[in-house]
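Engineer: Mind folding the following:
(2 chains)
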Amino acid sequence: AQSVTQPDIHITVSEGASLELRCNYSYGATPYLFWYVQSPGQGLQLLLKYFSGDTLVQGIKGFEAEFKRSQSSFNLRKPSVHWSDAAEYFCAVGSSNTGNQFYFGTGTSLTVIP
Amino acid sequence: SAVISQKPSRDICQRGTSLTIQCQVDSQVTMMFWYRQQPGQSLTLIATANQGSEATYESGFVIDKFPISRPNLTFSTLTVSNMSPEDSSIYLCSVRTLAEAFFGQGTRLTVV
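Structural biologist: Presented below is the predicted three-dimensional model:
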């Protein structure tokens, strides 16, 4: 069965510090992997995605993620966090079939302290 | 890309009443997805709405409670029927391309 696990429910980092949000997935076929961000009261915005090729993908707002097939992971990273990065982050997995749904992790809430 | 307009953006409703949420997409899509996001939770798929056929509901969701219409390839509605406080959630409409899923801004529903 398809599933996405985000082990960290809540993370607090200091502004300027590095960040890594973990995501593990279980998917029968070759997965398409995504990270979305949801700011308070806002919809979901795509940060980055992985389909194939280079396993290190760059996204918006200085985020990057690395696909590791052997670990079934797609962790999100940012070298220096800004206060505006405080939000809820969701990892998602989908297939190449656009008729299929996305499966979302439970989310990681990020707090940034001055 | 796809731009999704969803309304209302929020509503406060009395228990026992129903609310219909509208979702308009700026391009034709075969399938539209309706999600629920309960407070502090992730997104849970309610159903997949296909044009010209019955919606497909996920486990735990039934048509009597969440009737869906899909009259054409750019529009869908989700009705939350006979509401109770447990239905207080954000409801999101979504469409997919190969590259990503697009979401409406959501409807924040509070049932009192």
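Engineer: use CA for all of it now, contacts and neighbours both
Structural biologist: Noted.
Engineer: packing partners for the helix or strand of chain B with the lowest mean pLDDT?
Structural biologist: Counting by mean pLDDT, DSSP states H and E, chain B has its least confident helix or strand at strand B:101-103, which shows a mean of 88. With contacts taken as 3 or more C-alpha pairs under 8 Å, 6 or more residues apart in numbering or on different chains; DSSP states H and E, strand B:101-103 sits against strand B:89-96.
Engineer: per-residue confidence averaged over the strand it packs on?
Structural biologist: Mean per-residue pLDDT for strand B:89-96: 93.
Engineer: Write out the residues of chain B neighbouring chain A.
Structural biologist: Contact residues (C-alpha under 8 Å from any C-alpha of the partner chain) of chain B with chain A: B:30-31, B:33, B:41-45, B:96-106.
Engineer: List only buried entries from those residues.
Structural biologist: The neighbour count (16 or more other C-alpha atoms under 10 Å in any protein chain shown) marks B:31, B:33, B:42-45, B:96, B:100-106 as buried among the residues of chain B next to chain A.
Engineer: now, the most widely separated pair of those?
Structural biologist: B:31 and B:42 (21.1 Å; C-alpha to C-alpha).
Engineer: Pairing partners for the least confident helix or strand of chain B, with directions?
Structural biologist: Within its sheet, and counting by DSSP bridges, strand B:101-103 is paired with strand B:89-96 (antiparallel).
Engineer: CA atoms of the partner strand as CSV?
Structural biologist: Below are the C-alpha coordinates for strand B:89-96, written out as CSV (Å, rounded to 0.1, in the frame of the first residue of the first chain):
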residue,chain,number,x,y,z
SER,B,89,-12.3,21.2,8.6
ILE,B,90,-10.7,22.8,5.6
TYR,B,91,-12.0,21.3,2.3
LEU,B,92,-9.8,21.5,-0.7
CYS,B,93,-10.3,20.9,-4.4
SER,B,94,-7.4,19.7,-6.4
VAL,B,95,-6.5,18.8,-10.0
ARG,B,96,-3.5,17.0,-11.3
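Engineer: residues making contact with it?
Structural biologist: A:98-99, B:2, B:4, B:6, B:23, B:29, B:31-39, B:101-110 (C-alpha atoms under 8 Å, 6 or more residues apart in numbering or on different chains).
Engineer: try stretch A:12-21
Structural biologist: Contacts for stretch A:12-21 (C-alpha under 8 Å, 6+ apart): A:6, A:8, A:75-83, A:108, A:110-114.
Engineer: Ok, stretch A:53-67 next?
Structural biologist: A:47, A:48, A:49, A:50, A:68, A:73, A:74, A:75, A:76, A:77, A:78.
Engineer: what's the closest of those to chain B?
Structural biologist: Taking C-alpha to the nearest C-alpha as the measure, chain B lies nearest residue A:49 of those, at 7.8 Å.
Engineer: Please, which helix or strand holds the residue nearest the centre of chain A?
Structural biologist: When C-alpha atoms, centre = their mean is applied to chain A, the residue found nearest the centroid is residue A:35 (3.3 Å). Using DSSP states H and E, residue A:35 sits in strand A:32-38.
Engineer: What helices and strands are in contact with that strand?
Structural biologist: Using 3+ C-alpha pairs under 8 Å, 6+ apart, strand A:32-38 is in contact with strand A:44-50, strand A:87-94.
Engineer: I'd like to know which of those lies nearest to residue B:60.
Structural biologist: strand A:87-94 (21.0 Å).
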